[in-house]
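Undergrad: just coords:
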């Protein structure tokens, strides 16, 4: 499973109405740590496959979406179940920490 | 050519007597051990620079920014010792990611036209403030009772009062000082003292666990070319462990560079 690009346009479809839990990675092109967590998030997506949907939100192009999550620091990871935020984590985390966060 | 950049002898400076490091039957002071090592390195033509690192930038290679200069390198070993724990100011831990930030370059974007404060007193804090000045509405240096560094190359508001609390409900809205005065602010950027290995590693995107830099068996972090050794990786805080990790890092760097 690869990481989906999540935007305000596909958010309802892909996240709110998702049958499986969703992990969102909020990032931006100027953010070094975001580039470092990206391959870790990719690895997590490969491991969880269809059990958890993994998506990325570019805070630069999706200002309103990021703002609706009150993201003030990047990278931020958000774990969503049944359309509700279960957990939030700020900063670069290891693969095992992320897998623990998404109950995998 | 290897280059060592350091501000001072670090923790060793304060150690009066080391009795458990192999080879010294009468023990040795931390400072003497440090100086012996420096002289030993200089004999091997290793350049030692006395300076303070305020930032490291990564774009495939590293640019190390110090107070006085900039250095380029393919690899870095962070070995500045154990980091001080997070400041014991109420609200800082609780509001991390909700207005409390450790990386001005990463998060300045969220404070466009907002008020921010930089918690710190030295060149490291000034370096963080410089990133924020063109973006934020107002930047205030809050030093928590310490004297702000004097030689500043730009204008900045300074508040040297002791801090009681960083306050906010959903996110930071103010800093309360011990004299009950208030600074309204939307964000607090933490940059206390000198940039530690943890501070520098965190801003590069390395995984930090319990305030220590996480490394693999080759002493490398998840950031390609960024290594760490000694107290900053946690574990037993002993000279012997630091030397061992330095050895491993050195050998790993050779392998890493041979592959590049």
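TA: Received it, and whenever you're ready, just let me know what you need. Owing to the predicted nature of the structure, the values given are computational and were not obtained by experimental measurement.

Undergrad: OK, contacts around residue A:8?
TA: A:62, A:64-65 (C-beta atoms under 8 Å, 6 or more residues apart in numbering or on different chains). The C-beta positions use only the backbone N, C-alpha and C, and glycine is treated the same way.

Undergrad: I'd like to know which of these are buried.
TA: A:62, A:65 (16 or more other C-beta atoms under 10 Å in any protein chain shown).

Undergrad: Now flag whichever of the contacts of residue A:8 is closest to residue A:29.
TA: Nearest to residue A:29 among these: residue A:62, at 12.7 Å, using C-beta to C-beta.

Undergrad: you'd agree the closest one is up against residue A:7?
TA: Yes: at 5.7 Å, residue A:62 counts as touching residue A:7 under the criterion of C-beta atoms under 8 Å.

Undergrad: Residue B:144 is in contact with residue B:87, correct?
TA: Yes: under the criterion of C-beta under 8 Å, residue B:87 makes contact with residue B:144 at 7.3 Å.

Undergrad: returning to that earlier point: from the contacts of residue A:8, which land in helices?
TA: A:64-65 (DSSP state H).

Undergrad: Report the spatially nearest residue to the residue in the stretch 101-250 of chain B that chain A sits nearest to, omitting neighbours in sequence.
TA: Nearest residue of the stretch 101-250 of chain B to chain A, counting by C-beta to the nearest C-beta: residue B:205, 2.8 Å away. Leaving aside its chain neighbours, residue B:205 sits nearest to residue A:36 (2.8 Å; criterion: C-beta to C-beta, 6 or more residues apart in numbering or on different chains).

Undergrad: From the contact counts, what lies against the helix or strand containing that neighbour?
TA: Using DSSP states H and E, residue A:36 maps to helix A:32-48. Contacts defined by 3 or more C-beta pairs under 8 Å, 6 or more residues apart in numbering or on different chains; DSSP states H and E place helix A:32-48 against strand A:22-27, strand A:53-58, helix A:95-101, helix B:104-107, helix B:197-204.

Undergrad: helices or strands up against the fourth one?
TA: Counting by 3+ C-beta pairs under 8 Å, 6+ apart, the packing neighbours recorded for helix B:104-107 are helix A:32-48, helix B:123-132, strand B:187-190.

Undergrad: circling back to that earlier point, can the helices and strands packed on helix A:32-48 go into JSON lines with extra columns for mean pLDDT and distance to residue A:87?
TA: Putting the helices and strands packed on helix A:32-48 into JSON lines (pLDDT from 0 to 100; distance: least, C-beta to C-beta, whole Å) gives the following:
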{"stretch": "strand A:22-27", "mean pLDDT": "98", "distance to residue A:87": "9"}
{"stretch": "strand A:53-58", "mean pLDDT": "97", "distance to residue A:87": "14"}
{"stretch": "helix A:95-101", "mean pLDDT": "97", "distance to residue A:87": "6"}
{"stretch": "helix B:104-107", "mean pLDDT": "93", "distance to residue A:87": "20"}
{"stretch": "helix B:197-204", "mean pLDDT": "95", "distance to residue A:87": "20"}
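
Undergrad: Residues of the stretch 151-260 of chain B that sit close to chain A?
TA: By C-beta under 8 Å from any C-beta of the partner chain, the residues of the stretch 151-260 of chain B that approach chain A are B:170-171, B:187, B:202-209, B:214, B:222-223.

Undergrad: For the closest residue to residue B:222 other than its chain neighbours, give me its contacts.
TA: Of all residues not flanking residue B:222 in the chain, residue B:207 sits nearest, at 5.5 Å (C-beta to C-beta, 6+ apart). By C-beta under 8 Å, 6+ apart, residue B:207 lies in contact with A:92-94, A:97, B:214, B:221-222.

Undergrad: From those residues, list just the buried residues.
TA: For the contacts of residue B:207, a burial check counting by 16+ other C-beta under 10 Å picks out A:92-93, B:214, B:221-222.

Undergrad: ok, of the residues you listed, which one's closest to residue A:20?
TA: For the buried ones among the contacts of residue B:207, the minimum distance to residue A:20 (C-beta to C-beta) is 20.6 Å, reached by residue A:93.

Undergrad: for that closest one, helix, strand, or coil?
TA: State at residue A:93, reduced to three classes by DSSP: H, G, I helix; E, B strand; the rest coil: coil.

Undergrad: again with residue B:63
TA: strand.

Undergrad: List the beta-bridge partners for it.
TA: Note on residue B:63: beta-bridge partners by DSSP bridges are residue B:57, residue B:72.

Undergrad: Do I have it right that it meets residue B:70?
TA: Yes: the criterion here is C-beta under 8 Å, and residue B:63 meets it with residue B:70 at 5.8 Å.
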